Each structure stands twice: as structure tokens, then as C-alpha cells.
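Engineer: coords please:
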Amino acid sequence: MCTELYDCEAYDPEGILGSLSACTLTYLGLLTGRILLHLKESKDRMIVFAMSSVILFAVAAGLCGCSQNEGLIPINKNMWSTSYVLLAAGGGLIGLGVCYILVDNLQYWSGAPFKYIGMNSILVYCMHD
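Structural biologist: The predicted structure is shown next:
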């Protein structure tokens, strides 16, 4: 597709290190799913979500020196740097915690439209073009 549209060669801008970082982020998501499966009480789940996100944010802040472009490992989405992966995982936990409270605990929101997209995720993926 790249060769027809842009007259260029196909390449992977992230490379193998980006793939390892993406796998790490996926594994952190798997661990989050395990939390949902093994902890039955909502309070326990929220405590683990909050503690995990604080730890992930703290490690990311330490790696990047609390700035975007400074520190040992700057936050760089294009390269999927370690600090970016930890920041994304911590932010994902916060977002999941908020949705968990609104949808499951308080039943304030039904989860629409995300509920329907999640139920048909393979169809959405196949039809995205």
C-alpha cells in the first residue's frame, strides 16, 4: 500500500524495540485483566488500580525526569520508549478505574458506544478501511 500511494519502500519506524515495548504494554494490560478476574471486591480492585497507576507514573516520571524531552529516557511515542509505555499503562489504569466506577459500581452510564464497539471489535477492525 505504501509503495502505490507514496512511492516509497515499506518500513517499520518503531523497529524491534518498539515491538518489545508494545508487547510489554500488552502484558501490563493482561495483568490488569487478571486483577479483574481474581479480585472479587470492587474496593480491592480500585485500590490495586490506584496503587499500580501511581507506581507506573512514578517510574515513568523518574525515567523522563518529569519532563517530556529530558531525563534518562524521554517520553517518545514514535519510538515507544519505556517511559511512554509506563505512562500509557498508568493512564490506561486510571481510565479503566473511572469507567469501572461509572459503569459497574454506580451504574451511572451504560458504557455506550464503547460497549457495542467491544462486542463487535473484529468487525470494526476489518471494516476500518
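Engineer: quick one: contacts of the host helix or strand of Leu30?
Structural biologist: In this structure, Leu30 is located in helix 15-38 according to DSSP states H and E. By CB atoms under 8 Å, 6 or more residues apart in numbering, the residues outside helix 15-38 that reach it are 12, 14, 45, 48-49, 52, 56, 79-82, 84-85, 88-89, 92-93, 96. Any C-beta I mention is one placed from the backbone N, CA and C, and that applies to glycine too.
Engineer: List only buried entries from the residues you listed.
Structural biologist: When burial is judged by neighbour count using 16 or more other CB atoms under 10 Å, the buried members of the contacts of helix 15-38 are 45, 48-49, 52, 56, 79-82, 84-85, 88-89, 92-93, 96.
Engineer: Quick check: the farthest pair among the residues you listed?
Structural biologist: Largest separation among these by CB to CB: Arg45 and Met79, giving 32.5 Å.
Engineer: Where in this structure is the helix or strand with the lowest mean pLDDT?
Structural biologist: Sorting the helices and strands of the chain by mean pLDDT, DSSP states H and E puts helix 2-6 at the bottom, at a mean of 67.
Engineer: Apart from its neighbours in sequence, what residue is nearest Gly111?
Structural biologist: With CB to CB, 6 or more residues apart in numbering as the measure, Val103 is the residue that lies nearest to Gly111, at 4.7 Å, once sequence neighbours are left out.
Engineer: ok, now which ones touch that neighbour?
Structural biologist: The neighbourhood of Val103, defined by CB under 8 Å, 6+ apart, consists of 109-111.
Engineer: Asp104 and Asn120: what is the separation?
Structural biologist: When distance is defined by CB to CB, to the nearest Å, Asp104 is 21 Å away from Asn120.
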